[in-house]
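Colleague: Here is my input, please return the structure:
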Amino acid sequence: MASVTRGPVNLALNGASILFLVLFAAMIIGGDMRASLDTLDDPEASLARLFSRVMETYDGAGRLAVWEREMLGATAKERRADFQEAVGWTRDLAAHVKTPRAHLMLGIVLGEAGRTDDLAALVRSASPSGDPWEPARRVLTAAYMSPVARRAVVDRDARSTVVSAADLRVARALLDEPWFADTLSLRLARATGDAAAAAAARGRLDTRGARLIERMRVVWYVRTLMLVLGLGVLLWLANLRWRRLPFPIVGLALIPPLWDWRRGVVALLCGGTVWLGVTLAATYVGLDVVARATFPTSTIERIIEVGAVAVGGIAFWFFASRFLFRSSGQTTAAALGLSVNRPSLAALAGLALAVVTLDWFALSGLERIADYFPDTSSWVETFVEDIVFGRGWTCVLTAVEIVVIAAVLEEFVFRGLLFNTLRRRFPFWFAAVVASLVFAGLHGYGWLGTAQIVAAGLLFAWAFESSGSLWTPILAHALYNGTVLLTTVTLLR
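Modeller: Here you go, the predicted structure:
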């Protein structure tokens, strides 16, 4: 049979490879694979919302017991680390957008981080110039620097160091997020000895922080419950291994699979070609549709994007069914272990929780490494404007795409097809690493995001092969994305 099919398969392989590379190059050149400030519609508002809400959790945590602050990671040490990280974020933002608002945000972050030398260099800079930057930088120097330093860095004319109420109003008007405005007012009031204004600003910060902490408790309780259950499952699995008992089976997928690896490559390239073509078409056709739209464009953009993803998923399934499953005499459900009986549902849920728990531990370790090797693009990669600022169907469609569509499609392609095909020819670790690297590379993230996705990909591959069902990594993927979504909605909306 192999001699009969090898000619057509090789022909399809060569043709699909060329077309895939052409479309992939077009997508990279067009910038669709990057995760940078350019991918955000309003990077200033996005970073301001993210950082201000994180800081408000620290303000609210001040009323908690020491053990609660330790448990929630809201300690003074963590706060200092977040400020140092935010210096890189806001510096990149100010260099990117070059607006008075971004420079004022950078100045506040530098002042709060104790970086007075960097703040002095910022207020001396010629860009941006004129109103409203001039009054804003006077407020910055008065709030965070000594009187001698103010005259040295602002102007030789001593009158330029005097801050008026109008200057403060101008500076506050630049700041959309109240944390930045109230923090600046607090520092200025303390510097000028205005105890009443300082108390009022401190009270506003504490009140918002307390409200946010109460909302975040729900997220922490959910994550803690998932963590405890996941650790329990991991201990149970360790006990099974120690006693040499069989691993819990969810499905009956055969790994390595029955199909020839060449057919797997053909199915992946053909499906990938359709996906890239549809994505590029949706990008450029969607621009024209949005330009002529008579109702909210964000909803139209999201419908087009979700539609493109769905078409790409159908294409992958079509070519997989045609080239792989039928050729091996299997259905999609049989090939991927999708037929799960009721007694296996508990094992499915437990294994998914175990995978999420291990992923959280990996993420925590990588974040500790990032303290020494900062990645200033990491916040952009996980910030979804349609979730934070979106309304109505825009937010709903984005949530469905993140939790359901992404989990099903990505696991089908990267574990069900790519990892499976590689397993036909290579051992587990090689196949898992390669599939995870491809999985991470297509996200276009920095080193930290890439490392996190590689770690998750390895765990998802282990879950698939160990349980015999693609439902296990799909559920783990959905649970992980769901907790991220819950955190985002609770913290940032």
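
Colleague: tally of neighbours for the nearest residue to Val54 once chain neighbours are set aside?
Modeller: Leaving aside its chain neighbours, Val54 sits nearest to Asp82 (6.1 Å; criterion: CB to CB, 6 or more residues apart in numbering). Just so you know, the C-beta spots here come from the backbone N, C-alpha and C atoms, and that holds for glycine as well. When neighbours are defined as other CB atoms under 10 Å, Asp82 has 18 of them.

Colleague: what's the answer for Arg190, then?
Modeller: 15.

Colleague: for Ala94, same thing?
Modeller: 24.

Colleague: in the stretch 301-450 of the chain, what spans have low per-residue confidence?
Modeller: Scanning the stretch 301-450 of the chain with the threshold set as pLDDT under 70 gives 376.

Colleague: how near is the residue nearest to Val54 to Gly88?
Modeller: 11 Å (CB to CB, to the nearest Å).

Colleague: go on, Trp261?
Modeller: Applying CB to CB to Trp261 and Gly88 gives a distance of 44 Å.

Colleague: nearest spatial neighbour of the residue positioned nearest the centre of the chain, skipping sequence neighbours?
Modeller: By CA atoms, centre = their mean, the mean C-alpha position of the chain lies nearest to Thr382, the distance being 1.8 Å. Spatially, and ignoring its direct neighbours in sequence, Thr382 is nearest to Val484 (7.0 Å; CB to CB, 6+ apart).

Colleague: domain assignment for this protein?
Modeller: If you go by automatic domain parsing, the domain ranges for the chain are 2-30+246-492, 44-215.

Colleague: okay if I get those domains as a markdown table plus distance to Tyr221?
Modeller: A markdown table is the format used below for the domains of the chain (distance: least, CB to CB, whole Å):
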| stretch | distance to Tyr221 |
| --- | --- |
| domain 2-30+246-492 | 11 |
| domain 44-215 | 11 |
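
Colleague: Quick one, which of those gets closest to Val222.
Modeller: domain 2-30+246-492 (6.7 Å; CB to CB).

Colleague: Helix or strand: which one has Arg79?
Modeller: Arg79 is part of helix 76-97, with elements assigned from DSSP states H and E.

Colleague: just checking, next helix/strand downstream of that helix?
Modeller: Helix 76-97 is succeeded, C-terminally, by helix 100-112 (DSSP H and E).

Colleague: quick one: the next helix or strand after that following helix to helix 100-112, angle?
Modeller: Note on helix 100-112: by DSSP H and E, the next helix or strand toward the C-terminus is helix 116-124. With axes from the mean of the first three to the mean of the last three CA atoms, to 10 degrees as the basis, helix 116-124 and helix 100-112 are set at 160 degrees to each other.

Colleague: Go through helix 116-124 and flag the buried ones.
Modeller: For helix 116-124, a neighbour-count test (16 or more other CB atoms under 10 Å) marks 116, 118-120, 122-123 as buried.

Colleague: do the same with stretch 102-121
Modeller: 102-113, 115-116, 118-120.

Colleague: Can you measure across it, start residue to end residue?
Modeller: Start-to-end span of stretch 102-121 (CA to CA, to the nearest Å) is 15 Å.

Colleague: Ok, stretch 388-402 next?
Modeller: Terminal residues of stretch 388-402 lie 13 Å apart, using CA to CA.

Colleague: Can you list the neighbours in contact with it?
Modeller: 42, 45-46, 49, 296, 298-299, 302-303, 305-306, 309, 384, 386-387, 481, 484-485, 488, 492-493 (CB atoms under 8 Å, 6 or more residues apart in numbering).

Colleague: Quick one: buried ones out of those?
Modeller: 45-46, 49, 298-299, 302-303, 305-306, 309, 384, 386-387, 481, 485, 488, 492.

Colleague: Excluding chain neighbours, what is closest to Arg424?
Modeller: Nearest residue to Arg424, sequence neighbours excluded (CB to CB, 6+ apart): Trp261, at 4.3 Å.

Colleague: My guess is the one you found contacts Arg425. True?
Modeller: Yes: the criterion here is CB atoms under 8 Å, and Trp261 meets it with Arg425 at 4.8 Å.

Colleague: Which of those two has more residues huddled nearby?
Modeller: Set Trp261 next to Arg425 and count neighbours by other CB under 10 Å: Trp261 wins out with 16 against 13.

Colleague: and the gap between the more buried one and Ile304?
Modeller: Taking CB to CB, one finds Trp261 at 35 Å from Ile304.

Colleague: Likewise for Ala45?
Modeller: On the measure of CB to CB, Ala45 and Ile304 end up 23 Å apart.

Colleague: max-length helix in this protein?
Modeller: What stands out as the longest helix in the chain, according to DSSP state H, is helix 195-242.

Colleague: which secondary structure elements does that one contact?
Modeller: In terms of contacts (3 or more CB pairs under 8 Å, 6 or more residues apart in numbering; DSSP states H and E), helix 195-242 is packed against helix 43-61, helix 66-72, helix 178-192, helix 345-370, helix 471-492.

Colleague: In a markdown table: those helices, plus distance to Ala143.
Modeller: Output for the helices and strands packed on helix 195-242, formatted as a markdown table (distance: least, CB to CB, whole Å):
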| stretch | distance to Ala143 |
| --- | --- |
| helix 43-61 | 16 |
| helix 66-72 | 27 |
| helix 178-192 | 4 |
| helix 345-370 | 30 |
| helix 471-492 | 26 |
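
Colleague: Go through the ones you listed and name the closest to Ala333.
Modeller: Distance to Ala333, taken as CB to CB, is lowest for helix 471-492 among the helices and strands packed on helix 195-242, at 10.3 Å.

Colleague: packing partners for that closest one?
Modeller: helix 43-61, helix 195-242, helix 345-370, helix 385-388, helix 406-410, helix 447-467.

Colleague: Quick one: those helices as CSV, columns for distance to Phe180 too.
Modeller: Listed next are those as CSV, based on distance: least, CB to CB, whole Å:
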stretch, distance to Phe180
helix 43-61, 6
helix 195-242, 11
helix 345-370, 24
helix 385-388, 17
helix 406-410, 33
helix 447-467, 25
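
Colleague: Low-confidence ranges, the stretch 151-300 of the chain, go.
Modeller: Using pLDDT under 70, the flagged stretches of the stretch 151-300 of the chain are 151-162, 282-298.

Colleague: And Val123, how far from Gly416?
Modeller: For Val123, the distance to Gly416 - CB to CB - is 56 Å.
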